[in-house]
Structures are given as structure tokens and as C-alpha cells.
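Enquirer: Give the three-dimensional model of this entry:
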Amino acid sequence: MSDLPSLYAIFNGWNLNNTPGLQVYAIDVPGQQKKTLNIAALARRNARKVSSGFLQSNQLNLGVYVKAASRAALEQALDTLYANIQSRESALVIPKSGTTRQYTVSYESTAINNPVQGALSPSGNVADLTLIFQCSDSYGYDTEPTLVSSISAQTLSSLSTTYTQGGGAEWQVPVFQLQLNSLTASGTNIITVGNLDNGQQITITREWSIYDFIVIDCRKQSVTVNGVEVEFTGAFPKFNPGTQTWTYGDSFTARSVKIYADVVNRWN
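Expert: Next up is the predicted model:
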């Protein structure tokens, strides 16, 4: 195996290279990428228009080579491998583009690469396999978040701030965290966070208290205040790669709000 490149794949916290005699030698991400397209014919024209196209299926393939001292040792190594990749919808972390990337996958099947009537090897102690995983989330994600904004004291009732969104997917989904460090208000008031460019925004209406902590998680599509999910209106804002503008607004008389936002960039 010395001539094989040194790669790794970590599934559900377990490094596949920990299998005795195993080395990951190829990563194909995605192996097969499939979009569902809605295509409509245009009236009075010999043409069609794509109205939507969404990723529905991603296949991720790992090439692995296993060499053991005997056929029995090989079978024990494969038992170890398969026992550790059975959990469904688990994180698979792989090297990608000079860093690491995470996919949510489920193991589907194995292809045997040496064509000996479906057997492993004539000598019985080596296996060249392709492990096939299906991604349950259509995107791969960075393993570390990227800062979007950090504001220690927002004292005005509205804010529009520009940042450069990374990632390669059409839609990026940050997480916004807000803490009300001072507050002057009575009755119910609103807080909004949104995308200035496409008009998508979340609005929360309630009676607020000092030190309330708000989390708007656009990826998980949840809104919490002090750790408890709350009612809201609107659409979770999504952002495209490149220059983007997010907004904050409230109806308080006065306020000091600490705002922090980050995003785990995602990729097709």
C-alpha cells in the first residue's frame, strides 16, 4: 500500500483508517449528483424554461484497500469496518480543498473492484473496495464556522451591514445570536433579522426583558429565546455567495443589543 495516497475518512467520529490494514485511497465527492428539474414548455415558442432545480441525491464514494496477514484476518478487518459504518445519517468528515468538509451520510453498499466473480482476491488476504454512501443532506459543510458579524452594542433601531459570504452552494444559512443588554420598551415589540437583497426575514413579536438571548438558526430553521422555541413570522433568510447584506430592526424606545452571527459554509 505504500504507493497509495494517504487519505482519511471519519464516520460518526471513527476514522476508517483505524481498521487493521485499511487505507482510504480515493474520495469521490459527490460520485453522482442528481437534481430534480421542473421544466415547462413555453407557449407559442419552440423552447422550454426551467422553473426550479433542486439537489435530491448525492452519492459519495470512498475507495479503500485492505491488506491483512490471512483471509481470516481480512474478514475480521472487514467486520470491524462494517460494524463502524452502519449508523444512519451520521457525519462523514473528509479532506477537501486543502481543509476538511463534513457530509451527512448513510452507508448504502459496497462494490468489489477486483473482478474475481465477486470474490475478494485470489490470494484471499487483500480487498479493493468502493464504499458507497448516500448524502441525506444535499450539501457538504465546512467543519468550522466563519464569522459573519460581531457587534458589541447595537443602539439604533435598525441596521444594515454588508459582508462577504463564502461557500459554493446557492443558499447559505447563518446563525444569528442576539442578547438584549439594555432595554426601554412597554408591551409587545418586534425584533426582525433578514436579508436586504431578497426580502426574507424573521420577525419575533413578544414582551421582551433585559438579557433575553435570541438565536435564529437558519440552517435548523428554529428560533429560540433563552433556549425555548418561540413563535415567529416570515421566512428564514438565505444568502448567496459573494457580497450580501443582512439587516436588524426593532420597535423598542431604546436598546443595547449584542449581535453575533456566523455561518458554516456549505458546498454543492
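
Enquirer: only C-alpha atoms for contact and neighbour calcs from this point on.
Expert: Fine.

Enquirer: Nearest residue to Thr164 in space, ignoring adjacent ones along the chain?
Expert: Setting aside the residues directly before and after it, Thr164 is nearest to Thr243 in space (C-alpha to C-alpha, 6 or more residues apart in numbering), at 4.5 Å.

Enquirer: if I look at the one you found, how far off is Tyr163?
Expert: The span separating Thr243 from Tyr163 equals 6 Å under the rule C-alpha to C-alpha, to the nearest Å.

Enquirer: Tell me the helix or strand right after the helix or strand where the residue nearest to Thr164 lies.
Expert: Element membership for Thr243 (DSSP states H and E) is strand 242-250. Helices and strands here follow DSSP H and E; after strand 242-250, the next one along the chain is strand 254-263.

Enquirer: how much does that following strand deviate in direction from strand 242-250?
Expert: On the basis of axes from the mean of the first three to the mean of the last three C-alpha atoms, to 10 degrees, strand 254-263 is oriented at 150 degrees to strand 242-250.

Enquirer: Okay, now the sheet partners of strand 254-263, with direction.
Expert: strand 146-154 (antiparallel), strand 175-184 (antiparallel) (DSSP bridges).

Enquirer: Give the partner strands of the strand holding Thr243 in its sheet and their orientations.
Expert: Strand 242-250 is paired, per DSSP bridges, with strand 158-165 (antiparallel), strand 189-195 (antiparallel).

Enquirer: between these, which gets nearest to Ser97?
Expert: strand 158-165 (17.5 Å; C-alpha to C-alpha).

Enquirer: what's the offset of that closest one from the middle of its chain?
Expert: 22 Å (C-alpha atoms, centre = their mean, to the nearest Å).

Enquirer: which residues are contacting it?
Expert: 148-149, 172, 196, 239-250 (C-alpha atoms under 8 Å, 6 or more residues apart in numbering).

Enquirer: mind saving the C-alpha coords of it as PDB?
Expert: Taking C-alpha atoms only, strand 158-165 is exported to PDB below (Å, rounded to 0.1, in the frame of the first residue of the first chain):
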ATOM      1  CA  SER A 158     -32.200  49.500  12.600                       C
ATOM      2  CA  LEU A 159     -29.000  48.200  11.000                       C
ATOM      3  CA  SER A 160     -27.900  47.100   7.500                       C
ATOM      4  CA  THR A 161     -24.500  45.600   7.400                       C
ATOM      5  CA  THR A 162     -22.600  44.100   4.400                       C
ATOM      6  CA  TYR A 163     -20.300  41.000   4.500                       C
ATOM      7  CA  THR A 164     -18.700  38.600   2.000                       C
ATOM      8  CA  GLN A 165     -20.400  35.200   2.100                       C
END
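
Enquirer: buried stuff in it?
Expert: Across strand 158-165, burial judged by 16 or more other C-alpha atoms under 10 Å covers Gln165.

Enquirer: Is there a neighbour count for Ala91? I'd like the number.
Expert: Neighbour count of Ala91, defined by other C-alpha atoms under 10 Å: 19.

Enquirer: which ones are touching it?
Expert: Ala91 neighbours (C-alpha under 8 Å, 6+ apart): 10-13, 102-105.

Enquirer: and it, what are its bridge partners?
Expert: In beta-bridge terms (that is, DSSP bridges), Ala91 pairs with Thr104.

Enquirer: I appreciate the help and will end here.
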